[in-house]
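Engineer: Prediction below, plus the sequence it came from.
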Amino acid sequence: MILIISAITAYEEVFILFDITTRQAKLIELMASKQGYAPAKYYADLLEVSERTIFNDLAKLEGIFQSVELVVDKKPNQGIKLTGELQSSGNLCQHIRKLTQPDEVPLYSPFDRQIQIVKWLLLENQTLTYQSMSLDLYVSSTSIIKDLDKIKRLMKDEVTLISDIKGTRVKGTEIDIQKTLKRFAYHVIEQSQHNFSIASYAKNMESLFDRKAIQAVRAAMEELVSVLGSEISEQYLKSLFICLLILTERSYQGHHLQQLPKVDLKGATELTNYPLAIQISHSISSTLNFTFTEMELRYISNQLFAHRVEVKVNNPYIENLFTKDIRHIISEVSAAMDINLTKDEKLYDTLIYHMFPMIYRVKSGIAVYNPLLTEIKTNYGILFRMIWYVMESFEKKYGIKLSEDEVAFITIHFQVAMERIVKMTDILVVCQTGIVTSDLIISRIKRLLPANIRFKLIAKPYLQQENLTKVDFIISSVQLPKVACPVVYVSPLVRDADLMNIYSYYLEYSSTRQEETDKLEVVEPSNYFDERYIFLQEDVDSKDACLDHMLDRLEDDDIVKHTFRQSVYEREMLGNTIIQQWIAVPHGQQAMVNETKIAMMTTKQPVKWSEDAQVSFIILLAVAEKDIGNIRQLLGYLYKNIIQSKTLNRDIKNITNSQALLNLFKG
């Protein structure tokens, strides 16, 4: 190997030609990054060679060290150390990376490094040292420490990251390791703009999982879809895909499940589809030439149930268990939204079908990612938060805590039911021929939009004769002349980004999407505001400091019980409460509120509220059970003043006293 090192000293620029090996280049990197003295055995162990080889390499490197004013300092009983100006500036390692392996040395981003470290720790169960990770990832130990801190935050409390004299490794049960891997897999998926289809999920997972495992699991999923047809939501299919992929990769490497999650839910075992689990497992294992254990077959069977595969709506056990609960939830939502959904049997059936697997998922710790969560919270904000309040008694009865993803799924069911009551939406689908491409577009978006969408296919040449007065918007795969209604352009293959654009147009232009707040009576909830619970320009530096300051005042005045604080923090753990990217609307359980009050806080500096968002305005909702009937009006009032205001951010920055803030909301 030819190495050319350019070193800038205080005197001149020196270019020297040397012939060194890759191992010797790595030895230079290790010595340059080591702060103190270390015995030759230290480097020999890292490079898996003898101590004599290390001393031979140092002798051969003497010329290069002299040329760049470096010295190998030796101290008895302490070892060796590389000293000199270039070593302290870090230029030596930079030159080595550039010149020793210009075509082989990868340039890892922090995110790439974290994926690789998770792969080593959680998929392969390796024990790693900072030195080995620095060497393999071509960064300093400081960067590795930062990467591990990021990974720790994603791990939560399910597994433990242990670092001691043996190295860094993961400790936890197999089921918890797989839960953590799923969370990280979703973290990887969320970084991509194209994450709507199973195909895109599979592509995103190539950085973390073995490609053969991905192909085997995807083939098994395609067989499953061919049997189920359109009977299962794509979101559940994608979640099931991730679960099966993690199980396959771990089992294939010899890390098998030792136990299953304990779920006290009578009737669940009778509803799992064990024969289908055997079929799926055989499809995967025969491709990869390994065998799942009996417990893993039961796990796959449970996953099928949790993801609503072949659970029949007319199952008598489910009917008897949930009928009263579902009817009560529908009645409560109907009253709050002032729209009668109690006669909608389709809504009743879909909720019956949804709730039992949902409880099983939550009790088992199975997370299902909802990619439309942000859109649902923004466009159906009142319904979303109101359902979270209504579901409190259901959560308490069945001993569960719903995440914001799960609440969003329930919100979709109710919103679709509400839109069934209003008139049909007409969407025109245009392409060059009006047949093949249009059918492809419609088949991809049918699962995305509500059932009361009426599609009309048309070829571009006939567009001029079409009556567009009743068309909400047009979906087109070809460029159109100027028309009288909105047009969303898509590719002929309908990519993931196209689907999200279509959904955005639906939210903005569909005639069935009457803004929730438009139907509200503007009733000012003046009794719920109080200057005592308004905090302006607070000098706080964390989310906890914000919440604790407001909660302390509410507790001191006996507005809420002491347990309310815990429920607020639990809600925050289940999903962030941010709207408009700079406003947070936290809330707690109504059973722990003595008197309904709305506390508000502005901060001097934005406060970190989630991993990727900061807020400067916090509205803490404390709603008592006796006021639950007014929750829609209360939320509607707040959303009118928050979401519809174009100047709220600017106006709040100019607020100088509590009354001015109240007047802003009243105005």
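Structural biologist: Received it, and whenever you're ready, just let me know what you need. Small disclaimer: the values here were computed from a predicted structure and weren't measured.
Engineer: Mind giving me the packing neighbours of the helix or strand that residue 249 is a member of?
Structural biologist: Using DSSP states H and E, residue 249 sits in helix 234-252. Using 3 or more C-beta pairs under 8 Å, 6 or more residues apart in numbering; DSSP states H and E, the elements in contact with helix 234-252 are helix 174-190, helix 198-204, helix 211-228, helix 274-288, helix 294-306. Heads up, the C-betas are built off the backbone N, CA and C, glycines and all.
Engineer: Packing partners of the first one?
Structural biologist: Going back to what we said before, that points to helix 174-190. Short answer (3+ C-beta pairs under 8 Å, 6+ apart): helix 174-190 packs on helix 110-118, helix 141-155, helix 198-204, helix 234-252.
Engineer: Take the ones you listed and lay them out in TSV including mean neighbour count and distance to residue 393.
Structural biologist: Putting the helices and strands packed on helix 174-190 into TSV (neighbours: other C-beta atoms under 10 Å; distance: least, C-beta to C-beta, whole Å) gives the following:
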stretch	mean neighbour count	distance to residue 393
helix 110-118	18	39
helix 141-155	16	32
helix 198-204	18	35
helix 234-252	23	26
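Engineer: which one of the ones you listed lies closest to residue 42?
Structural biologist: Proximity to residue 42 (C-beta to C-beta) singles out helix 141-155 among the helices and strands packed on helix 174-190, at 14.2 Å.
Engineer: Mind exporting the C-alpha coordinates of the closest one to PDB?
Structural biologist: In PDB, the C-alpha atoms belonging to helix 141-155 read as follows (Å, rounded to 0.1, in the frame of the first residue of the first chain):
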ATOM      1  CA  SER A 141     -14.300   7.800  21.300                       C
ATOM      2  CA  THR A 142     -16.100  11.100  22.100                       C
ATOM      3  CA  SER A 143     -18.300  10.600  19.000                       C
ATOM      4  CA  ILE A 144     -19.000   7.000  20.100                       C
ATOM      5  CA  ILE A 145     -20.100   8.100  23.500                       C
ATOM      6  CA  LYS A 146     -22.600  10.600  22.000                       C
ATOM      7  CA  ASP A 147     -23.900   7.800  19.700                       C
ATOM      8  CA  LEU A 148     -24.500   5.500  22.700                       C
ATOM      9  CA  ASP A 149     -26.300   8.300  24.600                       C
ATOM     10  CA  LYS A 150     -28.700   8.700  21.600                       C
ATOM     11  CA  ILE A 151     -29.200   4.900  21.500                       C
ATOM     12  CA  LYS A 152     -29.900   4.800  25.300                       C
ATOM     13  CA  ARG A 153     -32.700   7.300  24.900                       C
ATOM     14  CA  LEU A 154     -34.400   5.100  22.400                       C
ATOM     15  CA  MET A 155     -34.000   2.000  24.600                       C
END
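Engineer: ok, residues contacting it?
Structural biologist: 33, 110, 113-114, 117-118, 121, 130-131, 133-134, 137, 161, 163, 168, 180, 183-184, 187, 611 (C-beta atoms under 8 Å, 6 or more residues apart in numbering).
Engineer: Next, the angle from it to helix 174-190.
Structural biologist: 110 degrees (axes from the mean of the first three to the mean of the last three C-alpha atoms, to 10 degrees).
Engineer: what is the mean pLDDT for helix 141-155?
Structural biologist: Averaged across helix 141-155, pLDDT comes to 85.
Engineer: hmm, back to that, pull out the buried members of the contacts of helix 141-155.
Structural biologist: By neighbour count, with 16 or more other C-beta atoms under 10 Å, these hold 33, 113-114, 117-118, 121, 130-131, 133-134, 137, 161, 168, 180, 184, 187 as buried.
Engineer: Widest-spaced pair of the residues you listed?
Structural biologist: Checked with C-beta to C-beta, the buried ones among the contacts of helix 141-155 reach their widest spread between 33 and 180, with 29.8 Å between them.
Engineer: which stretches of the stretch 251-400 of the chain form strands?
Structural biologist: In the stretch 251-400 of the chain, no segments count as strands under DSSP state E, counting those that start in this stretch.
Engineer: give me the number of residues near residue 481?
Structural biologist: Residues lying near residue 481 (other C-beta atoms under 10 Å) number 7.
Engineer: do residue 262 as well
Structural biologist: Neighbour count of residue 262, defined by other C-beta under 10 Å: 7.
Engineer: ok, now how distant is it from residue 400?
Structural biologist: 14 Å (C-beta to C-beta, to the nearest Å).
Engineer: From the chain's centre, how far out is stretch 129-140? Work that out for me.
Structural biologist: How far stretch 129-140 lies from its chain's middle: 28 Å, per C-alpha atoms, centre = their mean, to the nearest Å.
Engineer: Please renumber the chain so that the first residue is 36 from this point on.
Structural biologist: Sure, I'll start counting at 36 from here, so that last one is stretch 164-175.
Engineer: backbone phi and psi for the nearest residue to residue 515 once chain neighbours are set aside, please?
Structural biologist: Nearest residue to residue 515 in three dimensions, chain neighbours excluded: residue 522, at 5.9 Å (C-beta to C-beta, 6 or more residues apart in numbering). Main-chain dihedrals, residue 522, degrees, to the nearest 10: phi -130, psi 130.
Engineer: Residue 522 against residue 509, yeah?
Structural biologist: Yes - in this structure, residue 522 is within contact of residue 509 by C-beta atoms under 8 Å, at 4.6 Å.
Engineer: Name the residues contacting each of those two.
Structural biologist: Common neighbours of residue 522 and residue 509 (C-beta under 8 Å, 6+ apart) are residue 515.
Engineer: For the helix or strand containing residue 586, name the packing helices and strands.
Structural biologist: Under the criterion of DSSP H and E, residue 586 resides in helix 578-591. Judged by 3+ C-beta pairs under 8 Å, 6+ apart, the packing partners of helix 578-591 are strand 564-573, helix 598-609, strand 632-645, strand 648-657.
Engineer: what angle separates it from strand 648-657?
Structural biologist: Using the same axes, to 10 degrees: helix 578-591 against strand 648-657 is 10 degrees.
Engineer: List the contacts of helix 578-591.
Structural biologist: Contacts of helix 578-591 (C-beta under 8 Å, 6+ apart): 567-568, 570, 573, 575, 595-597, 599-600, 603-604, 607, 619, 621, 632, 634, 636, 638, 642-644, 653, 655, 657.
Engineer: what do you get if the cut-off is 6 Å, keeping everything else the same?
Structural biologist: 575, 595, 600, 634, 636, 642, 644, 653, 655 (C-beta atoms under 6 Å, 6 or more residues apart in numbering).
Engineer: Run the chain-centre distance for it.
Structural biologist: Chain-centre distance of helix 578-591: 28 Å, with C-alpha atoms, centre = their mean.
Engineer: Can you give me the buried ones in it?
Structural biologist: Neighbour-count burial for helix 578-591, counted by 16+ other C-beta under 10 Å, picks out 578, 581, 582, 583, 584, 585, 586, 588, 589.
Engineer: And stretch 329-343, by the same measure?
Structural biologist: Neighbour-count burial for stretch 329-343 [16+ other C-beta under 10 Å]: 331-343.
Engineer: May I have the helix holding residue 586 as PDB, with CA atoms only?
Structural biologist: The C-alpha trace of helix 578-591 is given here as PDB (Å, rounded to 0.1, in the frame of the first residue of the first chain):
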ATOM      1  CA  LYS A 578     -40.400  20.300  30.100                       C
ATOM      2  CA  ASP A 579     -40.500  19.000  33.700                       C
ATOM      3  CA  ALA A 580     -39.800  22.500  35.100                       C
ATOM      4  CA  CYS A 581     -42.700  23.900  33.000                       C
ATOM      5  CA  LEU A 582     -45.200  21.300  34.100                       C
ATOM      6  CA  ASP A 583     -44.100  21.200  37.700                       C
ATOM      7  CA  HIS A 584     -44.500  24.900  38.100                       C
ATOM      8  CA  MET A 585     -48.100  24.900  36.800                       C
ATOM      9  CA  LEU A 586     -49.000  21.700  38.600                       C
ATOM     10  CA  ASP A 587     -47.700  23.000  41.900                       C
ATOM     11  CA  ARG A 588     -50.100  26.000  41.700                       C
ATOM     12  CA  LEU A 589     -53.100  23.800  40.800                       C
ATOM     13  CA  GLU A 590     -52.300  21.400  43.600                       C
ATOM     14  CA  ASP A 591     -51.800  24.200  46.100                       C
END
